[in-house]
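Colleague: Next input, structure requested:
(chains A and B)
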There are 2 protein chains.
Amino acid sequence: MKKYDKLVKNAVGRIVPTEVNGQKMEAFKGLGKHRPTGRKYAPPIPTTIDYPADGNKVVSSLEEALKKCGLKDGMTISTHHHLRNGDLVSNKIFDIAHDIGVKDLVWFPSASFPCNEPVIKYLEDGTINRIEGSMNGPLGKFCSQGKMKGTAVLRSHGGRYQAIQDGEVHIDIAVIAAPTADPFGNGNALYGPSACGVLGYALGDYQYADKVIVVTDNLIKFPCVPMQIEGNYVDYVVVVDKIGIPEKIVSGTTKVTKSPDRLLIAELTAKFCDKAGLLHDGCCFQAGAGGTSLAIGIYFHEILKKRNWKARFAFGGSTQYLVKMLEDGCLDYILDAQAFDLEAVRSIRKNPNHQDVSIFHAYDYHSKGNYTTMMDIMILGATEVDVNFNGNVVTHSDGMLLHGIGGWQNCLHAKCTILPIPLFRDRIPVIKDEVTTLCGPGELIDVIVTERGIAINPRRKDLIEKLKDSGLPLRSIQELKDEAEKICGKPAKPNLSDEIVAVIKWVDGTIIDAVHKVIE
Amino acid sequence: MKKYDKLVKNAVGRIVPTEVNGQKMEAFKGLGKHRPTGRKYAPPIPTTIDYPADGNKVVSSLEEALKKCGLKDGMTISTHHHLRNGDLVSNKIFDIAHDIGVKDLVWFPSASFPCNEPVIKYLEDGTINRIEGSMNGPLGKFCSQGKMKGTAVLRSHGGRYQAIQDGEVHIDIAVIAAPTADPFGNGNALYGPSACGVLGYALGDYQYADKVIVVTDNLIKFPCVPMQIEGNYVDYVVVVDKIGIPEKIVSGTTKVTKSPDRLLIAELTAKFCDKAGLLHDGCCFQAGAGGTSLAIGIYFHEILKKRNWKARFAFGGSTQYLVKMLEDGCLDYILDAQAFDLEAVRSIRKNPNHQDVSIFHAYDYHSKGNYTTMMDIMILGATEVDVNFNGNVVTHSDGMLLHGIGGWQNCLHAKCTILPIPLFRDRIPVIKDEVTTLCGPGELIDVIVTERGIAINPRRKDLIEKLKDSGLPLRSIQELKDEAEKICGKPAKPNLSDEIVAVIKWVDGTIIDAVHKVIE
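Modeller: Presented below is the predicted three-dimensional model:
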């Protein structure tokens, strides 16, 4: 099943299948080369005749809702990951499917987490055929071991919206956990015991799915406003005791790195942005919620404040540090698709300049523009980078598929993409001759910042020119790689079979790489 | 052209064409009888490749934008009417079309106003083939006189969204006036010299049109939040000096009727709602911005306040009186698709319980439910009502098509629809043997309140039973009609030709009636 016969070499030299899970796929053609044809997916036209006049769509259980949605073999079920590792809803769906005896489902989450490990038994017994979505941790390992029946398809957040919108993935049933909802199906994530701030990953799911179920543990009277989920798209509402484990959904505090090496990387990154003129009055940036990114954000904040500058907007994972920047007058707007801590949730509840936006708005490549290309500074991570600046975010150097793409590929389209990464992790060099899995082409990665020097992509002659007298430790990427190998030795190649267990989509829906089974 | 050959009698006994403007149409089949098949309209898939990376979609003029959108003969151009009689954008489109020499356009406004009278010359010279949309005043008269080349198609607000969504009307270019916008095309109506509060009529236009132009007189830096218009759907942004005449967009104050008769009608209506138990703690209602409706709202407010009750939500045209109710603690939420005065605009800017919603949310009949059926009390007007409780809102008794349907048909689906209307206007009785144009079937109209008595629809036995000892002046509709005719005489029948100049759509897309040319 997974040994695809028809393989082609794509524009970045990777060998990829032309058909996956019985569906024809296109190989990556190069940046900006694939032009979509045709029309967006068109869901069936519903009619109010079929919905209760009193607006009450509550049914007694998730099982009843799934049955009313016509759950059957082979269907695609989507979920969002705003409840992160505290999600109590997704696994339930497959418990029910298993009990009913439904087989060969496709699970299409915006991401899965270690808390979803229990679905492994359903991947084993045929309840679930495959996961199309990020697999963080145990599910990724399961996939890497070649144990998943179907082939995994990994997409960026924006690519996931694109795939839904363009009809590449047809969602039969979207199950949307909503921290607060009303009986009509309007929902938001601002209130309730499982408040997670925003629900921007679920937009495509409820807009395009044939059937939509909202699951909540905090049912309020109509209208639930703001309507982060629009009830007009919802078929059934289910009330449960608990949709999530609060402390695993949002942390009380997000934590800045304490590692001296990581702090050095953060400081170098901030200095780079400053000296390159990327940080300026009115600039726009995205930084994540990881320890190093947070430290970078704090440096940014200090610089902006000292110069009396104001960033125009920050996108992405919102945290207490971003909120502080907003409240401190150093930032005009947070555009938010994911809230990482309680301070972020509090802020979005009350501050109109902290605005929820969806993945469609920020990241969809098949849109009339999106936010990524407007951003001056983009701070991202990577598991590996190679000497051609290609990046990997999904597999480790042993080939194990342990991470999702997240918004990484989408974000590469910023004006300046910077990867602040350690030169090695657990004595394994991060810079390679060739990345194990190519998730993003080097053309889009501008700068690598390590604790032992900064490598600017030779394509960015403007940056090299600007920084030449900056006093920053500029090195070539080859030099950095050599230095790492001098310390750690040349890393062993991963031991991979020719069996394809997953494919990596590019933001335009084409396949940029394939992931192979790891021989243990 | 307009004398359609194939005519059928529909479920309310009206003779309607089976084809209009070359498009096949279905005749009204009865309430809840028409079931849509097929899928929603699917717009072409765009790609960010075709849009500026810096997010700046501003072009130099509306003419340039229209040309870039490929304006050509026969296209359908849509506009919204949030600028009401102060709209300075719509006419410009057709000035440009005329200058370029484009012919046979279809103008698809959410409504047109007397300020749009200048387009008559373009209806005469063939620049515009027809208007599909409400025609308030001079354009309606022009149509009634049989002077429009194509046949007008009138839809309710909800029916307009339904027609776009279902692909009955394909919008080539949507031109959206936005009181504030950013270069990416995000827009809102909260700020700027032409602030009109909300833009909920434009949702379907920008979601489904092939090309979308935002026109603003208040361009701000990205991001313009809240995003009542989402820039991801927008192709071009045009900056002009003035999109509207503020005092004609929103009034400083909305005015309550001073007419003793109208005040009596308002008082009787409020009493009726109270005694029928329709007004209660947690009730939901809609009342318009007309003088009588406002007076009714004030009575409602007094009753709620006296009893220490709180209405849950009010939908629709927001005014200073509704805002007062909200701020006074007698109303939890205003769900707003149209702001009528400056107080309403101020409120929606700052009060999170004053929430903008679109026509899709409130009124779309081909949705998974909408708000209308949830409402306890619905206050509406009518130009005529007949003894079978059928209502007319578009033509006068002389047959002249002078009004649009607005949300009237959609609103009829409320739990109790009440028409507070005078027994006669300008000595012409309002209650007829048969309405000139049947816009809403009597099955949906529950109560007629006049200054000389209240008629309950015999179908509403529950209300008749409840009110029998209320002391309210209950009469049969026949009695009311007879009384009016005793005073004014039997009204003359309108002098109509057999030529069809317009058709009236029902909320499900079928044709409920045809409008005939008036012989003057």
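
Colleague: Does A:Ile45 touch B:Asp166 like I think?
Modeller: Yes. Using C-beta atoms under 8 Å, A:Ile45 is in contact with B:Asp166, at 5.6 Å. All C-beta atoms are positioned from the backbone trio N, CA, C, and that covers glycine.

Colleague: Identify the contacts common to the two.
Modeller: Residues within reach of A:Ile45 and of B:Asp166 at once, by C-beta atoms under 8 Å, 6 or more residues apart in numbering or on different chains, are B:Pro36, B:Gly38, B:Lys40, B:His366.

Colleague: Of these, grab the buried ones for ChimeraX.
Modeller: The ChimeraX selection below is limited to those of those classed as buried (16 or more other C-beta atoms under 10 Å in any protein chain shown):
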select /B:36,40,366
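
Colleague: and chain A, which of the shared contacts of A:Ile45 and B:Asp166 reach it?
Modeller: The overlap between the shared contacts of A:Ile45 and B:Asp166 and the neighbours of chain A (C-beta under 8 Å from any C-beta of the partner chain) comes to B:Pro36, B:Gly38, B:Lys40, B:His366.

Colleague: Next step: these restricted to strands.
Modeller: Judged by DSSP state E, these include no members of strands.

Colleague: For those, which two are the farthest from each other?
Modeller: Distance extremes for these: the farthest pair is B:Gly38 and B:His366 at 10.7 Å, using C-beta to C-beta.

Colleague: what is in contact with those two at once?
Modeller: Common neighbours of B:Gly38 and B:His366, counting by C-beta under 8 Å, 6+ apart, are A:Ile45, B:Asp166.

Colleague: returning to that earlier point: B:Glu26: which of the ones next to chain A among the shared contacts of A:Ile45 and B:Asp166 is nearest?
Modeller: Nearest to B:Glu26 among these: B:Pro36, at 10.2 Å, using C-beta to C-beta.

Colleague: next one: phi and psi at that closest one?
Modeller: phi -70, psi 150 (degrees, to the nearest 10).

Colleague: Might you report the residue contacts of it?
Modeller: A:Ile45, A:Pro46, A:Thr47, B:Asp166, B:His366, B:Asp508, B:Gly509.

Colleague: returning to what we had before: okay, the shared contacts of A:Ile45 and B:Asp166 in TSV with pLDDT next?
Modeller: What follows is the shared contacts of A:Ile45 and B:Asp166, written out as TSV (pLDDT from 0 to 100):
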residue	pLDDT
B:Pro36	97
B:Gly38	95
B:Lys40	98
B:His366	98
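
Colleague: Of the shared contacts of A:Ile45 and B:Asp166, which is the nearest to B:Ser110?
Modeller: Proximity of these to B:Ser110 (C-beta to C-beta) peaks at B:His366, which lies at 17.2 Å.

Colleague: neighbours of the spatially closest residue to the closest one that is not a sequence neighbour, just the number please.
Modeller: Excluding the flanking residues, the one nearest B:His366 by C-beta to C-beta, 6 or more residues apart in numbering or on different chains is B:Gln162, at 4.8 Å. B:Gln162 has 30 neighbours, counted by other C-beta atoms under 10 Å in any protein chain shown.

Colleague: B:Gln162 and B:Phe360 touch, don't they?
Modeller: No. At 9.0 Å, B:Gln162 and B:Phe360 do not qualify as touching, with contact defined as C-beta under 8 Å.

Colleague: near chain B, which residues of the stretch 101-250 of chain A show up?
Modeller: So the stretch 101-250 of chain A meets chain B at A:165-166, A:184-185, A:212, A:221-223, A:225-227, A:230-235 (C-beta under 8 Å from any C-beta).

Colleague: Locate the closest residue to chain B within the stretch 401-520 of chain A within the secondary structure: which element?
Modeller: Closest residue of the stretch 401-520 of chain A to chain B, C-beta to the nearest C-beta: A:Asp508 (7.3 Å). A:Asp508 is located outside every helix and strand, with elements delineated by DSSP states H and E.

Colleague: pLDDT at it, what is it?
Modeller: Each residue has a pLDDT score; the one for A:Asp508 is 98.

Colleague: could you measure it against A:Ser251, distance?
Modeller: Distance from A:Asp508 to A:Ser251, counting by C-beta to C-beta, to the nearest Å: 34 Å.

Colleague: and those two? which has more neighbours close in?
Modeller: When neighbours are counted by other C-beta under 10 Å, A:Asp508 and A:Ser251 differ, and A:Asp508 comes out ahead with 25 against 17.

Colleague: Next up, the contacts around the closest residue to the more buried one other than its chain neighbours.
Modeller: Using C-beta to C-beta, 6+ apart and skipping residues adjacent in sequence, the residue nearest A:Asp508 is A:His34, 4.4 Å away. Counting by C-beta under 8 Å, 6+ apart, A:His34 touches A:Glu26, A:Phe28, A:Trp506, A:Asp508, A:Gly509, A:Thr510.

Colleague: Which members of the contacts of B:Pro36 define the maximum pairwise distance?
Modeller: A:Pro46 and B:Gly509 (13.4 Å).

Colleague: Are any of the contacts of B:Pro36 buried, and if so which?
Modeller: Buried subset of the contacts of B:Pro36 (neighbour count, 16+ other C-beta under 10 Å): A:Ile45, A:Pro46, A:Thr47, B:Asp166, B:His366, B:Asp508, B:Gly509.

Colleague: now those residues in JSON lines, with distance to B:Phe300?
Modeller: Shown next, in JSON lines, are the buried ones among the contacts of B:Pro36 (distance: C-beta to C-beta, whole Å):
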{"residue": "A:Ile45", "distance to B:Phe300": "36"}
{"residue": "A:Pro46", "distance to B:Phe300": "33"}
{"residue": "A:Thr47", "distance to B:Phe300": "32"}
{"residue": "B:Asp166", "distance to B:Phe300": "36"}
{"residue": "B:His366", "distance to B:Phe300": "31"}
{"residue": "B:Asp508", "distance to B:Phe300": "31"}
{"residue": "B:Gly509", "distance to B:Phe300": "34"}
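
Colleague: Next one, pLDDT for A:Asp182 please.
Modeller: A:Asp182 carries a pLDDT value of 98.

Colleague: Surely it touches A:Met227?
Modeller: No. A:Asp182 lies out of contact with A:Met227 (C-beta under 8 Å); the separation is 9.1 Å.
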